[in-house]
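Asks: 3D, please:
(one chain, ligands or ions: 1)
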Amino acid sequence: MKPEGSAPEHLRELRDEVKRVIDYRSFYTRYCPEARASGSRLHGFCPIPTHAHTGKGHPSLSVDLQQGLFNCFSRGEGGDAITFYELMHGVTFARAVRELARELGLDGRKSRPSLASRAAPDPAESESDTEESLNPEQVASVCTRFIEVCRAEDQLEGRAYLARRGIDAQTARRAYVTYFPRRAYRRVMRRMLEAFPVETLRRAGLFNRRAHLTFYRHRLLFPFIVEGRALYLQARTTAAGVEPRWHNLRGPVPSLYNADSLSRLASGSVVYLVEGFTDTLTLLAHGFNAVGLVGAGGLKGEWLAPLARFRVVAALDPDAAGRRAAARYRELFAARGLALAALNLPADVNDFFRQHPAAALELELMTETALDGDGECLVIGDE
Ligand SMILES: [Zn+2]
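Replies: Presented below is the predicted three-dimensional model:
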């Protein structure tokens, strides 16, 4: 009859915390608004649903506001405010404690900030000023080791997230997309601390000033591989409602995403220029060549040189921003003597492939048309 006796310690601590801050008068009168106060006691009709009182006759509930204890003398049942809450809502002790704690603004970890808050990246203003950033060689070693450490963890949830977007495991593996589950957070953190001084990890943006790994909510990692080495990475959350959705290492984005794959392609191949990791991987999963523009920095002129020997086709989002971007990129290409064809898909690449069973064929047809023409947008079926 005393379930809290066997409750885990943190729950009992939370219960004590609830009892320290709760105001018994407002708590009990919320359920018994008609109760009369006399001194430090309340008397009223007992509202406990399972007692099934008629509400007539003598009020049977008595509350000691000093102790916070209630008693229903008609049914011979009494206890503290937690028990009262359990009976009123038909919930367990654990749930009663948690719900009351939440109502009272207690998170149960008063003396210790949550892991999520300890893992928060340092504020942006503290990043750049005082200290020099790591050289690219150091960032590459940190990044490469981070990928290795995370690859040793269970990839299942990350694979499932990508699979829901139509990106198969083989494509993800080839692109070194890597995941680690939240339960591995401390182990990953420890492994990184074994490999590098915390100062190095902090300057790479992997750790914060509290010496915690900052990739706590963002555990699906997209590395930028250049000449076989991971030079940089961005990571996204796989949970809904987490903002920001992306987190990355310090320093600038070093290249187009998947640029390393270009060295393996024959000259004259068609290469798609898309926005984002998902669109890039979607095309790779369907056997197309693609590089992605990711991050806020925009397209850099020096990234275009490796594209010079290919037929490049932009497949950007079908909105005003995508059309503006296509026009801007075409100018950038033209400034280097390169041509950029552009497709006007009815949806972004990932949606297009998920919504159209014959997407691959349609894309090929649209691409032919775009490359034959002057690169203006054309609709399938036009001759
Ligand atoms: Zn009662």
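Asks: quick check: H356 touching E362?
Replies: Yes - here H356 reaches E362: they are 6.1 Å apart, a contact under Cβ atoms under 8 Å. Any C-beta I mention is one placed from the backbone N, CA and C, and that applies to glycine too.
Asks: now do the phi/psi pair for the residue positioned nearest the centre of the chain.
Replies: Most central residue of the chain, judged by C-alpha distance to the mean C-alpha position with Cα atoms, centre = their mean, is T237 at 2.1 Å. With angles defined as degrees, to the nearest 10, T237 sits at phi -80, psi 150.
Asks: against E153, how distant is it?
Replies: As for T237, its distance to E153 is 17 Å (criterion: Cβ to Cβ, to the nearest Å).
Asks: repeat for L213
Replies: From L213 over to E153 the distance is 13 Å, taken as Cβ to Cβ.
Asks: neighbour count winner among these two?
Replies: Set L213 next to E153 and count neighbours by other Cβ atoms under 10 Å: L213 wins out with 23 against 20.
Asks: next one: that one from the ion, what distance?
Replies: The gap separating L213 from the ion is 52 Å, by Cβ to the ion, to the nearest Å.
Asks: chain neighbours aside, what residue packs nearest to that residue?
Replies: M189 (4.2 Å; Cβ to Cβ, 6 or more residues apart in numbering).
Asks: which element is that neighbour on?
Replies: Using DSSP states H and E, M189 falls within helix 185-195.
Asks: that helix packs against which elements?
Replies: Contacts defined by 3 or more Cβ pairs under 8 Å, 6 or more residues apart in numbering; DSSP states H and E place helix 185-195 against helix 136-151.
Asks: next SSE after the helix it packs on?
Replies: Counting by DSSP H and E, what follows helix 136-151 is helix 156-164.
Asks: buried residues, that next one. List them.
Replies: Buried residues in helix 156-164, counting neighbours by 16 or more other Cβ atoms under 10 Å, are found at E157, G158, R159, Y161, L162.
Asks: and what of stretch 33-47?
Replies: Applying 16+ other Cβ under 10 Å to stretch 33-47 flags A35, L42, H43, G44, F45, C46, P47 as buried.
Asks: check whether stretch 20-36 contacts the ion.
Replies: No - counting by Cβ under 5 Å from the ion, no contacts exist between stretch 20-36 and the ion, the nearest distance being 10.7 Å.
Asks: contact partners of that stretch?
Replies: 37, 42-47, 59, 61, 63, 65, 68, 70, 81, 84, 88, 100, 104, 106 (Cβ atoms under 8 Å, 6 or more residues apart in numbering).
Asks: same question, stretch 283-290
Replies: The contact list for stretch 283-290, computed with Cβ under 8 Å, 6+ apart, reads 166-168, 171, 174-175, 258, 261-262, 265, 269-274, 279-280, 310, 315, 349, 353, 359-360, 363.
Asks: give me the neighbour count for the residue of the stretch 201-350 of the chain found nearest the ion.
Replies: Of all residues in the stretch 201-350 of the chain, G241 sits closest to the ion, at 41.1 Å by Cβ to the ion. Neighbour count for G241, taken as other Cβ under 10 Å: 6.
Asks: could you report the pLDDT at it?
Replies: The model reports G241 with a pLDDT of 71.
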